[in-house]
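Enquirer: structure of the sequence below:
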Amino acid sequence: MFESAVRPVLFRIGGGDAERAHDVTLGSLARLGDRTRALLRARYATDAPVELFGVRFANPVGLAAGMDKNGVALAAWPALGFGFVEAGTVTAHPQPGNDKPRLFRLRDSEAIVNRMGFNNAGAAALAARLAALGPLRSSVLGVPLGVSLGKSKVTPLGAAVEDYLASYRLLRPYADYIAVNVSSPNTPGLRKLQDRSAVAELLGALTGGPPVLVKIAPDLAEPAVAELLEVCQAYGAAGVIATNTTLGRDGLAPADWARGAEPGGLSGRPLTELARRVVRFVHTETGGRLPIIGVGGIMTADDASRMMDAGASLVQLYSGFVYHGPALVRAAARAAATTSARVTENR
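Expert: The predicted structure is shown next:
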């Protein structure tokens, strides 16, 4: 029903403006009442608990960062089947992001290009919203909440640690885990923070709160990923999120080549194999000792299963949800849970 009835309407909003459709969808989800959420939960929720770095996840499929940056629709996502939710990416300073248009659908490729630039209301605004919700393990949310942190555009790279730390201090009371985004292609210079010394300094500062994970780019060479993993293990990172969007444009359908040339990060089907290769490399390189949240190009239940086979313990959806809706969340959760149980048994 989503693909035949709901998606065509969403994709026509604003004359096909993807960001406008995104905003309208968030607003609609934020207004869902308790009864509607209960009906949706009965249809889409999957009970398949996973425990990882001390956090109990309702099922292995989460909402990726970028969908609900400011946490305006947090209560709706579990009702749509997600076993955990990652809000953000938020920054210490509120910022409007890059100039519009900045979000583009590549429909024949089942892909999205974005150059949003961490548009968000700021860490203090998200902290206030979460404080108003009360204990997040209550019926208000009912699943773990991750918060993704990024660097403010106005902050120079030399002051990045203090910038992340300001957000971390505000949000750590409310988060089940913190994701450190040092891999978005849309903030100038941000990916330099994936260097060994920068990651070490950052992880050394973000202590005393919930588990911290590092989100990495799919475009790093394997030696660079290996260096980053050494630092993550040495400085106590709870895991990695692999991967962010790619600057590459391989795998686009011919009809999407023109729009695919828009600057920004590419997500969706063209990222499927690349993201899975990175997950497999991380799993092999660390001997399975560093938990992985796999994200990138999960467009079917089989994609979720194969990501788990590659070494992920959890997965996240973004583009897949845009194109296939909550039925994919349910199917992916069931497939990922089955694969996880098989992999665990074989070990």
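
Enquirer: figure out the length between the terminal residues of stretch 251-266.
Expert: Stretch 251-266 stretches 11 Å from its first residue to its last (C-alpha to C-alpha, to the nearest Å).

Enquirer: okay, buried residues for it please.
Expert: Residues of stretch 251-266 classed as buried: G251, L252, D256, R259, G260, E262, G264, G265, L266 (neighbour count, 16 or more other C-beta atoms under 10 Å). Bear in mind the C-beta positions are built from the backbone N, C-alpha and C, glycine included.

Enquirer: check stretch 47-65 too.
Expert: Buried residues in stretch 47-65, defined by neighbour count with 16+ other C-beta under 10 Å: 48, 50, 52-53, 55, 57-65.

Enquirer: just the closest of the buried residues of stretch 251-266 to Y318, please.
Expert: Compare each of the buried residues of stretch 251-266 with Y318 using C-beta to C-beta and the shortest gap goes to G265, at 10.8 Å.

Enquirer: sheet-wise, list the partners of the top strand by length along the chain with their directions.
Expert: The strand spanning the most residues in the chain, taking DSSP state E as the definition, is strand 84-90. Partner strands for strand 84-90, per DSSP bridges, with pairing direction: strand 61-63 (parallel), strand 145-149 (parallel).

Enquirer: ok, and what's touching the helix or strand following that strand?
Expert: Of the helices and strands lying after strand 84-90 in sequence (DSSP states H and E), the nearest is strand 103-106. Here strand 103-106 makes contact (C-beta atoms under 8 Å, 6 or more residues apart in numbering) with 11, 16, 18-19, 22, 111-116, 252-253, 256, 259-260, 262, 264, 268, 322.

Enquirer: run me through the strand neighbours of strand 103-106, direction for each.
Expert: Strand 103-106 has the following strand partners under DSSP bridges: strand 111-114 (antiparallel).

Enquirer: for this protein, which helix is longest?
Expert: Secondary structure assigned by DSSP state H gives helix 319-346 as the longest helix of the chain.

Enquirer: mean confidence score for that one?
Expert: Rounded to a whole number, the mean pLDDT of helix 319-346 is 92.

Enquirer: next, the buried residues of that helix.
Expert: 319-340.

Enquirer: go on, stretch 100-114?
Expert: The neighbour-count criterion (16+ other C-beta under 10 Å) identifies R102, L103, F104, R105, L106, S109, E110, A111, I112, V113, N114 as the buried residues of stretch 100-114.
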